[in-house]
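*Asks:* here are the coordinates; sequence isn't available:
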Ligand SMILES: [Zn+2]
Ligand SMILES: [Zn+2]
C-alpha cells in the first residue's frame, strides 16, 4: 500500500506552500504563529525517535517560512516565536557529529519543496511517502536528519531573522542623505529629494520620507522649505503602497501628529488637490515650486499657486489626515501588535 500523509498534514503543506510562494490563502500571521507554537511544543518533549523526526521537520519548516516573517509580517512576537524555537533546536544540534560525505546534504532547496519535505519529515508515514515521491534512497532520506545539515539550516534562518528584525524594528540611519540633500549654505535641496523619490527602483521612497520626517521633527529647515519637506514626507507615505515597517513608520507618524487637524479657511481649493495623484504630476508640482526656472512645467494652475495657498494649514490638515489613514492601513495589512508600531 502506498504510504500517505495524514489529512491535517496535507492541509499544512498546502497552507504553507501558499505562504512561501507569496500567494497565501490561509491567514499568514496566524498560520505561521501556529507553526512556531507547534515547533516550541515539540522542543519540550523528551528525546525519542518521534521528537527527533519533529526536530528535523520543524527546523526545515521554520527555515522555509522565515523569509515571509522577515519580509511580509511586521510582528515582534512572531519573530520572538521563530527565534525561540530555532534557538531551542539549534542548542540540541551538534554540527561536529556530521559524518556525511561531501555534497550529501540536501542543497538548494526551494521553499515549496522545503515545505513538503518539512511536513513529511514530521511522521514516519510522511517520510515514506516523501521518499517514494522523490525517489530518495535511504542515505538521501537520512541526510535530512543529519545534525550538521540541520544546524546549518537553523543558523541560516536565525541570521536572516536577526538581520530583518533590525531593519523592521531597529533604528534606521539615513544621515548619509545629508550629503545629498543639504547644500553647502545649509539650504535643503528639495529638487534633489524629489529626484530621489522618483528613482523608486532604488528603494529611495522610505529613506527620503524618514529623512524628511526627522528634519520636520527637529525643525532643521527654513520656513520656505517647510512645505517642500512636508510634501516629500507625505509622498513617501502615499507612494509606499506595500507599507513601510515600524522602523520607518514611527517617525513618519510622529511627524504627521504635529499637524493641527482642527483648522479652517476660506479658500475654495488648494494647490496639491489640483495636481493628478500620479508620481510624475506630484513631482512636477514640487520641483516647479522650488525651481521654477529649471522646471517651468507644473500641473498646478496659476490661480491656485500662490505661496499662501501652498502653506495654508487646511492643506496641511487634509494631507495629514490622508497620511494617517495610510499609516493605519499599513498596520492592518502587515499585522503585528499595536505596540510594535510605537516608539
Ligand atoms: Zn551531515
Ligand atoms: Zn486654505
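*Replies:* Received it, and whenever you're ready, just let me know what you need. The shown structure was predicted, so the numbers you read here are calculated from the model rather than taken from an experiment. Ligands and ions are numbered 1, 2, ... in the order given.
*Asks:* report pLDDT for residue 188.
*Replies:* On pLDDT, residue 188 comes in at 98.
*Asks:* these two touch, right, it and residue 181?
*Replies:* Yes - with contact defined as CB atoms under 8 Å, residue 188 counts as touching residue 181 (5.8 Å). From N, CA and C alone the C-beta is placed, and that goes for glycine too.
*Asks:* and the two? which has more neighbours close in?
*Replies:* residue 188 (24 against 21; other CB atoms under 10 Å).
*Asks:* tell me the phi and psi of that one?
*Replies:* Backbone torsions for residue 188, taken as degrees, to the nearest 10, come to phi -90, psi 140.
*Asks:* ok, residue 263 next?
*Replies:* phi -140, psi 160.
*Asks:* do the same with residue 182
*Replies:* Given degrees, to the nearest 10, the pair of backbone angles that residue 182 has is phi -110, psi 120.
*Asks:* give the burial count for it, as a bare number.
*Replies:* Residue 182: 16 neighbours (other CB under 10 Å).
*Asks:* gap between the closest residue to residue 15 other than its chain neighbours and ligand 1?
*Replies:* Leaving aside its sequence neighbours, residue 15 sits nearest to residue 26 (CB to CB, 6 or more residues apart in numbering; 4.0 Å). To ligand 1, residue 26 is 33 Å away according to CB to the ion, to the nearest Å.
*Asks:* against ligand 2, how distant is residue 26?
*Replies:* Taken as CB to the ion, the span from residue 26 to ligand 2 is 48 Å.
*Asks:* close to ligand 1: what parts of the stretch 1-150 of the chain are there?
*Replies:* Within the stretch 1-150 of the chain, the positions adjacent to ligand 1 are 98, 100, 146, 148 by CB under 5 Å from the ion.
*Asks:* quick one: residues contacting the second one.
*Replies:* The contact partners of residue 100, taken as CB atoms under 8 Å, 6 or more residues apart in numbering, are 143, 146, 148, 149.
*Asks:* and what of the first one?
*Replies:* The neighbours of residue 98, taking CB under 8 Å, 6+ apart as the test, are 146, 147, 148, 149.
*Asks:* what is the most widely separated pair among the residues you listed?
*Replies:* Pairwise distances across these peak at 7.3 Å for 147 and 149 (criterion: CB to CB).
*Asks:* per-domain residue ranges of the protein.
*Replies:* Listed by automatic domain parsing, the domain ranges of the chain are 7-169, 175-341.
*Asks:* for ligand 2, give me its nearest residue in the stretch 1-150 of the chain.
*Replies:* Going by CB to the ion, ligand 2 is nearest to residue 74 of the stretch 1-150 of the chain, at 35.8 Å.
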